[in-house]
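J.: structure for the following, please:
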Amino acid sequence: KASVVDESLGRIMFAYFVFFVLTLFCCSFLQETGAQTTAPNIIWLWFDDMGMGDVGFMGGDMPTPILDSLAAEKSIRLNFHYAETICSASRSAFLTGRYAFKSGMNSVARPFQGRGFNEEANVLFPSILGSAEGADALNYNNMIVGKWHIGIDRESRLPYSNGFNAGLYLGPGVQEYYARGYVLDLADDLDSAFGTLSNATLQSKRDALFPDGILPVHQYYRIAKSESGEPYQFPVELDAEAYNEDLYVDETLEFLAAQDNSQNPFFVYYSLYTPHDVLAEPPLERNGEAIDYSQCAEAFAATDGDCTANAQCVYCAQIHYASIGIEDIITATKGNANIDWANTIIVITADNGPAQPGSALPLRAKKGSVLDGGLRVPTILLGGLVEEITADACEYNEMVHISDWYHIFMDMIGVTSDGENYMPDADHVDLGIWDNIKCQCGSSDSAVLSQCNVDNLPRTEMITMRMCAASGNDTSYMFATAIIKDGYKLIVNGRHGVVLDCPSLSTTPGRLFGYFTADSSFSAPNSDYYETQYLSAKERLGASFPSIFGSTCLEEVYANNETITAHGYAPYLLFNLAQDKVEACPLDLSDANNEAIKDELLALLEDASLDYDSPDSDGVDILDAFLSVTESLECRSDGSRIVYLTTYDDALTTPSVTYERVWQDFIANYEVCEATELESTTDAPDITSTTELSDEETTAAPDDNDSSANSILETFYFA
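T.: Down below sits the predicted model:
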């Protein structure tokens, strides 16, 4: 018996040994070949200026069948997703993982003012994802398509310097829905408007630089990898009649087709211009198939299905066309055998509330406002990672801020603070947002749900802040500033007026508070229009409505057929969001309890203002900023700089700013470049052709011996 036992034990031990060796071999093989990755694929899809009332799934009257269908599937809807009030601020907050007022970019990024995110104090999210060195390398393939808008005034702020290694993005120049790159006639478009050059030598030099009298202005830039693997960018000439979303969708589909999760995870930053004004009718077909806009035409009484004469119909059509592209991207991702759908998350959101003719109703106000109509945006989560959490569509009613996603993604990937590259600030430390979402959407057990906010703390505070100058904790400098804390919201100087010394804003009092002239009556709860929209959204959303838009005070007013006085500007407005989610009824600050809450929130804002980092001061010397932009980019500036400067007449009416001085510096810069033959010019492909570059040209780095790439007069490397 002993021998039998010994023999059996021997066989068992041998089997364990074989299993152990095979396990080591398999694990080693998988690690060496990259046959699997635990880091999720991330697809970020966002609209530009879209409100809660612009989508059907949030109770709006805009027909959005594709988005509604996506929201009704295995998805998670974030009912309290907060962006910033304007586009550049939201994009900076998302990519830096900080509140916009701490990111260096809390205003609109205008190159001639030298504005952009603070790249010295922030490591952008894609840079960490794209890390390909060391034991903690993530090796993400990062692609950008569409709008950037957080600074292009120096190379260190450009996408390819911040982790993106592929894509097609919109740089300087006028943003439109069609890919019309454009040129300026120096005599007819510029000299006639701003004066001829009196300096004969300067005129001669300009003639030599632009012998045909044409100043090219490039808008689209492609990012590719050189043979050494380093990303670089170059301008591309595109079909002038191409609709930009067709370009973005095709670029994204091509990128997705090339992905292989056995080698790398990926991050897609899909940044639409839709439905930003000025509106333009989208194409009538895509890939040879007619687009059905009948729902938009029916909703807005367009004649014979023609949206041309109705702005809301065009707006609806643009959102519908963009949604078709988004659906194509999702389908391509899910259908690619080389992409791990189960390990993919997709976020569809917007960068701020709507502009004209969009709607945030029943939220108050629109883009630019610190009322929730400017901040709360429709957001849905999709993908295999979401499908594993919830068996149905789930609604998440805790607060999420746009800056949280940087840290949510880091948590999903498993990246922790290293004290150097990834360092969550105090506003984002120990937030268990993703765990809280999974907890609330992953169970129907009331006992489990009651513990969600105990075990995984959600966000309970949010700040958005604009200041005339970063002058310490003096609230007289705050405008369009708000804080949400534990269910209360305080707005400080929500509407700019004479109380603040902000000269450039004095001509548009109230705009940042959200009272645009065209819709001031519509966003007031005492208007018939607002009441209709409130009650319509209530009917559409049914049982979900109270938790999203419910207002106890409005319900009482409407039920009793009473009237309500719409609040206007006040230095301080305090709301109880738990009872009034549409900010219809400000609390009485003469009440001692309310005043104490206001003072507590105000103190938090004062402390936060000490960390303010954003160029909102209007004391910027526009010309000096412009000249520093030109110099900082060395050879890499183009006619867009001239255009940006001359587009703003007030910049050239300043006595110290002259058209001739602009050209003096512009040309002097190119002379320096020619004399020194900077290496940067040899890295640029030849773009003298006006046709679109072929695939080979867009992916291959230029030959250092190519003489055409060494001539500033023949080749512009526009950054």
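
J.: Met143 bridge partners, please.
T.: Beta-bridge partners recorded for Met143 (DSSP bridges): Ala166, Val268.

J.: low-confidence regions, the stretch 151-300 of the chain specifically.
T.: 172-175, 180-183, 216-218 (pLDDT under 70).

J.: if we go to 80?
T.: 152-154, 171-176, 180-184, 189-190, 192-196, 215-219, 235, 237, 240, 278 (pLDDT under 80).

J.: strands of that one, start to end?
T.: Assigned by DSSP state E, counting those that start in this stretch, the stretch 151-300 of the chain shows strands spanning 166-170, 182-185, 214-217, 220-225, 231-235, 266-271, 285-286, 289-290.

J.: reformat those as JSON lines; add mean neighbour count and distance to Lys74.
T.: (C-beta placed from N, C-alpha, C; glycine too.) Shown next, in JSON lines, are the strands of the stretch 151-300 of the chain (neighbours: other Cβ atoms under 10 Å; distance: least, Cβ to Cβ, whole Å):
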{"stretch": "strand 166-170", "mean neighbour count": "25", "distance to Lys74": "29"}
{"stretch": "strand 182-185", "mean neighbour count": "16", "distance to Lys74": "45"}
{"stretch": "strand 214-217", "mean neighbour count": "19", "distance to Lys74": "45"}
{"stretch": "strand 220-225", "mean neighbour count": "20", "distance to Lys74": "33"}
{"stretch": "strand 231-235", "mean neighbour count": "23", "distance to Lys74": "35"}
{"stretch": "strand 266-271", "mean neighbour count": "25", "distance to Lys74": "20"}
{"stretch": "strand 285-286", "mean neighbour count": "12", "distance to Lys74": "27"}
{"stretch": "strand 289-290", "mean neighbour count": "8", "distance to Lys74": "27"}
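
J.: that's a helix at Thr333, yeah?
T.: Yes. Under DSSP: H, G, I helix; E, B strand; the rest coil, Thr333 falls within a helix.

J.: any chance of the strands of the stretch 151-300 of the chain in CSV, plus distance to Ala559?
T.: Output for these, formatted as CSV (distance: least, Cβ to Cβ, whole Å):
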stretch, distance to Ala559
strand 166-170, 49
strand 182-185, 56
strand 214-217, 58
strand 220-225, 54
strand 231-235, 59
strand 266-271, 43
strand 285-286, 47
strand 289-290, 47
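
J.: now do the residue minimising distance to the centre of the chain against Lys538, distance only.
T.: In the chain, the centroid-proximal residue (Cα atoms, centre = their mean) is Arg91; its distance is 3.7 Å. Remark: distance between Arg91 and Lys538 (Cβ to Cβ, to the nearest Å) = 33 Å.

J.: cool, Tyr612 as well?
T.: Distance, Tyr612 to Lys538, using Cβ to Cβ: 39 Å.

J.: again with Gly130
T.: 46 Å.

J.: for Arg206, same thing?
T.: For Arg206 relative to Lys538 (Cβ to Cβ), the value is 63 Å.

J.: again, but for Phe545
T.: The gap separating Phe545 from Lys538 is 5 Å, by Cβ to Cβ.

J.: who touches both of the two?
T.: Gly59 (Cβ atoms under 8 Å, 6 or more residues apart in numbering).

J.: of all the strands of the stretch 151-300 of the chain, which one is nearest Phe549?
T.: Closest to Phe549 of the strands of the stretch 151-300 of the chain is strand 266-271 (Cβ to Cβ; 28.1 Å).

J.: show me what that closest one is packed up against.
T.: strand 41-47, helix 125-129, strand 141-147, helix 244-257, helix 311-335 (3 or more Cβ pairs under 8 Å, 6 or more residues apart in numbering; DSSP states H and E).

J.: for the longest one, the distance to its chain's centre please.
T.: On the basis of Cα atoms, centre = their mean, to the nearest Å, helix 311-335 sits 17 Å off its chain's mean C-alpha point.

J.: which residues sit against the host helix or strand of Ile345?
T.: Following DSSP states H and E, one finds Ile345 within strand 344-350. Residues outside strand 344-350 that contact it (Cβ under 8 Å, 6+ apart): 40-51, 67, 70, 78, 81, 83, 326, 330, 333, 377-386, 402, 405, 412.

J.: swap in 6 Å and give it another go.
T.: Contact with strand 344-350 is made by 40-47, 50, 377, 379-385, as judged by Cβ atoms under 6 Å, 6 or more residues apart in numbering.

J.: do you know how far Asp207 is from Phe666?
T.: Distance of Asp207 to Phe666, given as Cβ to Cβ: 14 Å.

J.: pLDDT on the strand holding Ile345, on average?
T.: Strand 344-350 shows an average pLDDT of 98 in the prediction.

J.: that strand pairs with which strands, and in what direction?
T.: Taking DSSP bridges as the criterion, strand 344-350 sits next to strand 41-47 (parallel), strand 380-382 (antiparallel) in its sheet.

J.: okay, the very next helix or strand once past that strand in CSV with CA atoms only?
T.: As assigned by DSSP H and E, the chain's next helix or strand after strand 344-350 is helix 372-375. What follows is helix 372-375, C-alpha atoms only, in CSV (Å, rounded to 0.1, in the frame of the first residue of the first chain):
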residue,chain,number,x,y,z
ASP,A,372,-26.8,74.5,-14.7
GLY,A,373,-28.0,75.1,-18.2
GLY,A,374,-24.4,76.1,-19.1
LEU,A,375,-22.8,73.3,-17.1
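
J.: picking up where we left off before, between the strand holding Ile345 and strand 266-271, how big is the angle?
T.: Relative orientation of strand 344-350 versus strand 266-271 (axes from the mean of the first three to the mean of the last three Cα atoms, to 10 degrees): 10 degrees.

J.: give me the distance from strand 344-350 to the chain's centre.
T.: 12 Å.

J.: for stretch 447-466, same thing?
T.: Computed by Cα atoms, centre = their mean, the chain-centroid distance of stretch 447-466 equals 24 Å.

J.: start and end of that stretch, how far apart?
T.: Across stretch 447-466, the terminal residues are separated by 42 Å (Cα to Cα, to the nearest Å).

J.: then stretch 410-422?
T.: First-to-last distance for stretch 410-422 - Cα to Cα - comes to 9 Å.

J.: may I see the buried residues of it?
T.: Judged by neighbour count using 16 or more other Cβ atoms under 10 Å, the buried positions of stretch 410-422 are 410-413, 415, 422.
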